[in-house]
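Undergrad: no sequence for this one, just the structure:
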Ligand SMILES: [Zn+2]
């Protein structure tokens, strides 16, 4: 139940509840589905935003993911956590959108830097969450879709390797390879764009 | 969980080799401990960054309604598309029917087999001929070659008039 760990305030009964709601929704109960949307919209939107690096587009993709989930409830296999199933739909839609967008991203924000870059760099552990978010957005532009998906799902969202493999439809080894490759790319980009934040003695 | 324990798990976490339960414990601690995050940053800035990203989930009041509205809209669109498909099929069938009808009308008819009346050719039957030999008279009637045999009639009365 890796996804449960994503939501620390949630317990097993919430997941069981999800399945009950999903079953009701499958029978056509829109109110039950509305509860599921309310419960998972935050996680799904955050995931889409971390893959797409664009809040507005992420909101649209998250909506589309819920609509697709509703339309495909008959195919929902209750052996999956409902949230993992939703994440799968959302992550795949986000990656499709990313691929469709092509290389626009890379040329788009190449020269963006942090606001207040003239200030002396802070120690990385003291960076505010928003600043980390901003750095991550810029570095992650360099990640190809599959690496970005694997890194966001496993390292940012905290899903287990097996869950990520299930979502991406590949083996656990492939997931690990994508994560290793993504880490190398992020480190290289950090060295290139924000060398002041590289670990001491760390090379790209 | 203590910072010391995290230090011990650090290499395995970076090598993606930590068991799932330990991994979640490690992540929860590092999220809330700046010192351990600094250590992780030294080892792998990308992994440390992943744990320093805000955990807040964007939400807004209109989202659920918009999803439901989207579901209704798609339902209407699908139903319209289905109706369109049905009408398109009906129209196609009607068109096909008309086209076939027209084609049938205009198709050049095959003329009925013409029967040519040909006069029955009379068989050329050779004239009978008579042979007289003493008292006897022979009347020969020869038939055409196709027929198997030659019919011969004998008339033996000398009084017969030929
Ligand atoms: Zn600590």
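TA: Structure's in. What do you need? Every value quoted in this text rests on a predicted model; they were computed, and no experiment measured them.
Undergrad: Do me a favour and average the pLDDT over the top helix by length along chain B.
TA: Looking across chain B with DSSP state H, the single longest helix is helix B:62-106. The average of the pLDDT scores along helix B:62-106 is 90.
Undergrad: could you point out which element follows that helix?
TA: Remark: after helix B:62-106, the chain's next helix or strand is strand B:129-133, criterion DSSP states H and E.
Undergrad: list the helices and strands that next one packs on?
TA: In terms of contacts (3 or more Cβ pairs under 8 Å, 6 or more residues apart in numbering or on different chains; DSSP states H and E), strand B:129-133 is packed against strand B:136-140. Glycine gets a C-beta too; all of them are placed from N, C-alpha and C.
Undergrad: Are stretch A:77-94 and chain B in contact anywhere?
TA: No - using Cβ under 8 Å from any Cβ of the partner chain, we find that stretch A:77-94 stays clear of chain B, coming within 11.9 Å at best.
Undergrad: so for that stretch, what's the average pLDDT?
TA: On average, stretch A:77-94 scores 93.
Undergrad: Next, the buried residues of that stretch.
TA: Under the neighbour-count criterion of 16 or more other Cβ atoms under 10 Å in any protein chain shown, stretch A:77-94 has A:80-94 buried.
Undergrad: what sits against the residue positioned nearest the centre of chain B?
TA: Centroid check for chain B by Cα atoms, centre = their mean gives residue B:89 as the closest residue, at 16.2 Å. By Cβ atoms under 8 Å, 6 or more residues apart in numbering or on different chains, no residues touch residue B:89.
Undergrad: rewinding a little: how far is the longest helix of chain B from where the chain is centred?
TA: Distance, stretch centre to chain centre, for helix B:62-106: 21 Å (Cα atoms, centre = their mean, to the nearest Å).
Undergrad: Distance check, residue A:86 against residue B:28.
TA: 23 Å (Cβ to Cβ, to the nearest Å).
Undergrad: Could you check the pLDDT of residue 160?
TA: Assuming you mean chain A. 95.
Undergrad: nope, chain B please
TA: 58.
Undergrad: Residue B:132 too?
TA: Confidence score, pLDDT, at residue B:132: 75.
Undergrad: contacting residues around residue B:54?
TA: If you count contacts by Cβ under 8 Å, 6+ apart, then residue B:54 has A:129-130, A:132-133 around it.
Undergrad: of these, closest to residue B:46?
TA: Distance to residue B:46, by Cβ to Cβ, is smallest for residue A:132 among those, at 11.4 Å.
Undergrad: That closest one: neighbouring residues, count only.
TA: Counted with other Cβ atoms under 10 Å in any protein chain shown, the neighbours of residue A:132 add up to 19.
Undergrad: So it sits against residue B:50, correct?
TA: No - in this structure, residue A:132 is not within contact of residue B:50 by Cβ atoms under 8 Å, at 9.3 Å.
Undergrad: Tell me how far residue A:73 lies from residue A:35.
TA: With Cβ to Cβ as the criterion, residue A:73 and residue A:35 are 14 Å apart.
Undergrad: Residue A:62 now?
TA: Residue A:62 sits 16 Å away from residue A:35, going by Cβ to Cβ.
Undergrad: Comparing the two, which residue is more hemmed in?
TA: Between residue A:62 and residue A:35, residue A:62 has the larger neighbour count (other Cβ under 10 Å), namely 30 against 17.
Undergrad: Which of the three states applies to the more buried one?
TA: Of the three states, residue A:62 takes helix according to DSSP: H, G, I helix; E, B strand; the rest coil.
Undergrad: Surely it is in contact with residue A:89?
TA: No - at 9.9 Å, residue A:62 does not count as touching residue A:89 under the criterion of Cβ under 8 Å.
Undergrad: how about the residues of chain B that lie near the ion?
TA: Chain B comes close to the ion at residues B:3, B:33, B:36, as judged by Cβ under 5 Å from the ion.
Undergrad: Export these to CSV and append columns for secondary structure, distance to chain A and neighbour count.
TA: Formatted as CSV, those follow (DSSP: H, G, I helix; E, B strand; the rest coil; distance: Cβ to the nearest Cβ, whole Å; neighbours: other Cβ atoms under 10 Å in any protein chain shown):
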residue, secondary structure, distance to chain A, neighbour count
B:3, helix, 13, 12
B:33, coil, 9, 18
B:36, helix, 9, 25
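Undergrad: ok, the closest residue to residue A:73 other than its chain neighbours - contacts?
TA: Nearest non-adjacent residue to residue A:73, counting by Cβ to Cβ, 6 or more residues apart in numbering or on different chains: residue A:26, 4.2 Å away. Taking Cβ under 8 Å, 6+ apart, we find residue A:26 in contact with A:73-74, A:76.
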